[in-house]
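[1] from the sequence below, what's the structure:
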Amino acid sequence: MQVPLQITIRDMRHSEALEAKIREKVSRLEEVHPRITRCRVTIEELHKHQVQGRHFQVKVDVRIPGREVVANLAHREDVYVALREAFDSIRRQLAETERLQRGEVKAHAGPLRESQT
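    Here you go, the predicted model:
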């Protein structure tokens, strides 16, 4: 990655384990798309609910040449689940972008027409 990873944790206690998990996820993204120029990860705890427990919002913003890919997941009760799902979404988007850039996506045929006889 050309620019360092930016991690922001808001309204919750900073965790070395959480930061390590984020760094691991980002390194896996670089395997999918090696030309990542920026990655920002923001995790925040939303207002606490007495009945429903803790809710988190995870936003992952990745920049590659010519495109910005964003995943934003909210209202999960487990920060690690929200983190996993956000990075899974980014991974799928990056893989699709990489396939498009290599020309591996098939073009769909036009609408079928009935022959007139």
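[2] element containing the spatially most central residue of the chain?
    In the chain, the residue lying closest to the centroid (Cα atoms, centre = their mean) is Ile90, at 2.8 Å. Assigned by DSSP states H and E, Ile90 falls within helix 79-102.
[3] which strands and helices sit next to that helix?
    helix 16-32, strand 38-45, strand 56-64, strand 67-76 (3 or more Cβ pairs under 8 Å, 6 or more residues apart in numbering; DSSP states H and E). Backbone N, C-alpha and C define where each C-beta goes, glycine included.
[4] related to what we said a few turns ago, contacts only, for the residue nearest to the centre of the chain.
    Contact partners of Ile90, counting by Cβ atoms under 8 Å, 6 or more residues apart in numbering, are 29, 60, 62, 69, 71.
[5] in stretch 61-74, which residues are buried?
    Across stretch 61-74, burial judged by 16 or more other Cβ atoms under 10 Å covers 61-64, 69, 71, 73.
[6] what's the most distant pair in these?
    Largest separation among the buried residues of stretch 61-74 by Cβ to Cβ: Ile64 and Leu73, giving 20.3 Å.
[7] how near is Glu44 to Gln93?
    With distances taken as Cβ to Cβ, to the nearest Å, Glu44 is found 22 Å from Gln93.
[8] of the two, who's got more company?
    Gln93 (19 against 16; other Cβ atoms under 10 Å).
[9] what about the chain, any weak spots by pLDDT?
    The model of the chain has pLDDT under 70 over residues 1-3, 48-52, 76, 105-117.
[10] correct me if wrong: Phe43 contacts His55.
    Residue 43: Ile, not Phe. No: using Cβ atoms under 8 Å, Ile43 is not in contact with His55, being 11.7 Å away.
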